[in-house]
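Asker: Give the three-dimensional model of this entry:
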Amino acid sequence: MSPSTRVSPAHRFPPGVAVRRAAATVLLSVREGSSLKAALPGVLGGLADPRDRALCESLCFHSLRHWRRYDDLLCALLDKPLPPAMREVYALLLIGLAQLDALGLAEHAAVAATVEAVRVKHPRHAGLANAILRRFLRERDSLAARYSAAPALRYSHPDWLYQRLAQDWPEDVLSILSNNITEAPVWVRVNQSRVEDTEKLRTAWRAQGVESEASPEQARALKLIDSGQPILLAGWAQGHFAVQDISVQNAVRALDIQPGHRVLDACAAPGGKTVQMHDLCPQADILALDVDARRVRRMEDAFRRQGVKVDLRAVDAAQVSQWWDGQRFERILIDAPCSGTGVIRRQPDILLHRRESDLPALLQRQRALLEALWPLLQEGGRLVYATCSVLKDENAHLVDAFLAAHPDAQSIALDASFGRPSGAGWQRLPGEAEGDGFFVAALGKKG
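Answerer: Next up is the predicted model:
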């Protein structure tokens with residue numbers, strides 16, 4: 001965080017001002033290229049009241065989910081664009097719109113606090129901020145008409161992504177857009193090796209004021225209701241459960257790991273699927289790789305908390321000569337780097353940062369991983385290819401092309417709990433079964 005955007009101590013500001021300025025700091029950092037995951041934690045740490053931290057996080061997520069539409073609204077409401085020096089005022093106006101539109105906060109309080117947040121460093125623009133937000137309240141119905149025939153703008157998606165989604169999922173595109181800007185539920189997976197009775201854990205959470213719902217498809221998957229912070233729940237410190245979306249849990253299920261199998265988790269970070277493998281089959285011999293050494297160090301900490309002992313290495317899985325010992329695997333998981341278009345509701349900064357020009361390099365990386373690791377699979381073994389994307393070029397088209405080019409590869413059928421058929425794989429779209437967008441394909445090597 002640069003000195004120009006550092007948040008001052010909260011006690012210097014009137015109530016409600018510090019949290020809005022903190023949120024503006026995050027938005028400016030994201031606008032300049034930081035990820036929301038990187039920008040948010042440090043700023044939240046500067047807010048002492050947990051209610052302020054929760055509001056700041058909500059302001060950031062809703063502002064980013066609707067950024068393109070709010071930017072268009074500001075263009076309509078302002079007589080002329082704000083100069084670059086007023087980028088903090090711009091961020092605070094976005095936050096003001098998020099309060100009045102997506103969050104539906106009390107209008108007078110939201111406007112007043114936002115105007116005061118502007119006044120701290122830009123007193124000459126406080127009146128402008130007040131006028132813009134109040135004009136939005138007066139004209140919101142007529143302003144909404146601007147987007148009736150422009151789905152990409154209405155749902156704040158870049159044009160290129162809307163066009164790709166409309167091409168790949170013409171009957172579902174509006175549902176995808178809507179779900180992408182909707183808050184996602186929190187799913188956890190209870191570790192069966194540490195918790196015999198899931199109901200006892202749910203009862204402990206209920207005593208903390210947190211309810212949960214069981215998945216009809218996966219006995220160990222629970223959806224938290226009004227959960228706040230999962231790390232504060234009973235059992236977290238003991239490794240009794242981990243946060244993991246219901247769709248993501250399908251990738252390990254598709255592997256069908258058996259005792260004695262040698263298993264490769266080729267792109268293991270952040271480590272949730274490796275933990276799931278170990279939990280479902282502790283008798284398996286698991287090797288987990290990831291190219292990012294920093295993420296590997298964080299995985300080591302998480303594995304210690306959850307009692308997971310696997311061979312973990314910081315290495316590029318596609319560079320086989322650097323790590324492979326010549327012994328083949330019965331199971332391989334490639335959760336490949338991708339566009340992230342299935343997890344936008346959890347990472348709304350994707351809407352700002354992802355470019356269509358990013359796709360060729362991602363496709364090249366995905367193909368490279370498949371080509372490099374396929375020879376390492378034992379005959380009769382199974383390779384699962386997965387992504388958190390909903391774009392068919394990264395999923396169905398890529399897998400179908402791989403099958404066509406490899407006569408020793410065949411598709412393994414999965415059931416409807418994995419999603420809808422898509423080429424040789426199965427696709428979940430955002431919001432389906434209340435999970436993230438996720439693709440999984442199981443490939444078997446002929447004997």
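
Asker: Sticking with L137, tell me its helix or strand.
Answerer: Element membership of L137, judged by DSSP states H and E, is helix 126-144.

Asker: quick check: mean pLDDT across the next helix or strand after that helix?
Answerer: Using DSSP H and E, the helix or strand that follows helix 126-144 towards the C-terminus is helix 151-154. Taken as a whole, helix 151-154 carries a mean pLDDT of 97.

Asker: distance between helix 151-154 and the chain's centre?
Answerer: Distance of helix 151-154 from the chain centroid (C-alpha atoms, centre = their mean, to the nearest Å) equals 21 Å.

Asker: Go ahead and name everything in contact with that helix.
Answerer: Residues external to helix 151-154 that are found in contact with it (C-beta atoms under 8 Å, 6 or more residues apart in numbering): 68-69, 72, 146-148, 157-159, 161-162, 173-174, 177. No exception for glycine: its C-beta is placed from N, CA and C like everyone else's.

Asker: now those residues in a markdown table, with pLDDT?
Answerer: Conversion of the contacts of helix 151-154 to a markdown table gives the following (pLDDT from 0 to 100):
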| residue | pLDDT |
| --- | --- |
| R68 | 98 |
| R69 | 98 |
| D72 | 97 |
| R146 | 91 |
| Y147 | 94 |
| S148 | 91 |
| H157 | 98 |
| P158 | 98 |
| D159 | 98 |
| L161 | 98 |
| Y162 | 98 |
| V173 | 98 |
| L174 | 98 |
| L177 | 98 |
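
Asker: hmm, back to that, list the buried residues of the helix holding L137.
Answerer: 126, 128-130, 132-133, 136, 143 (16 or more other C-beta atoms under 10 Å).

Asker: So which residues make contact with it?
Answerer: 73-74, 76-78, 89, 92-93, 96-97, 100-101, 107, 110-111, 114-116, 118-119.

Asker: ok, 10 Å please
Answerer: Helix 126-144 is touched from outside by 69-70, 72-74, 76-79, 82, 86, 89, 92-93, 96-97, 99-101, 107, 110-112, 114-120, 122, 125, 154, with contacts defined as C-beta atoms under 10 Å, 6 or more residues apart in numbering.

Asker: picking up where we left off before, nearest to A266, of the contacts of helix 151-154?
Answerer: Distance to A266, by C-beta to C-beta, is smallest for L161 among the contacts of helix 151-154, at 26.9 Å.

Asker: surely the closest one meets E356?
Answerer: Yes - checked against C-beta atoms under 10 Å, the pair L161 and E356 is within contact range at 7.6 Å.

Asker: Find residues that contact each of the two.
Answerer: S339.

Asker: Give me the more crowded residue out of the two.
Answerer: Between L161 and E356, counted using other C-beta atoms under 10 Å, L161 has the larger neighbour count: 23 against 13.

Asker: Could you check how far the strand or helix carrying that one is from the centre of its chain?
Answerer: Taking DSSP H and E as the criterion, the element that holds L161 is helix 159-168. Its chain's C-alpha centre lies 19 Å from the corresponding centre of helix 159-168 when counted by C-alpha atoms, centre = their mean.

Asker: any idea how far L264 is from the nearest residue to G16 once chain neighbours are set aside?
Answerer: Excluding its sequence neighbours, the residue lying closest to G16 (C-beta to C-beta, 6 or more residues apart in numbering) is A113, at 3.5 Å. Distance check for A113 against L264: by C-beta to C-beta, to the nearest Å, it reads 52 Å.

Asker: do D79 as well
Answerer: Distance from D79 to L264, counting by C-beta to C-beta: 60 Å.

Asker: Looking at these two, which is more packed in?
Answerer: L264 (25 against 6).

Asker: Which elements pack onto whichever strand or helix holds that one?
Answerer: Remark: L264 resides in strand 262-265, with elements defined by DSSP H and E. Packing contacts for strand 262-265, counted by 3 or more C-beta pairs under 10 Å, 6 or more residues apart in numbering; DSSP states H and E, involve helix 249-255, helix 272-280, strand 285-290, strand 311-314, strand 329-335, strand 377-387.

Asker: what pairs with the third one, and is each one parallel or antiparallel?
Answerer: Note on strand 285-290: by DSSP bridges, its sheet partners are strand 262-265 (parallel), strand 311-314 (parallel).

Asker: So, low pLDDT: which residues of the chain?
Answerer: Confidence mapping of the chain against pLDDT under 70 gives the ranges 1-12.

Asker: Next, count neighbours for I412.
Answerer: Other residues within reach of I412, judged by other C-beta under 10 Å, total 14.

Asker: now Q410, what's its secondary structure?
Answerer: Of the three states, Q410 takes strand according to DSSP: H, G, I helix; E, B strand; the rest coil.
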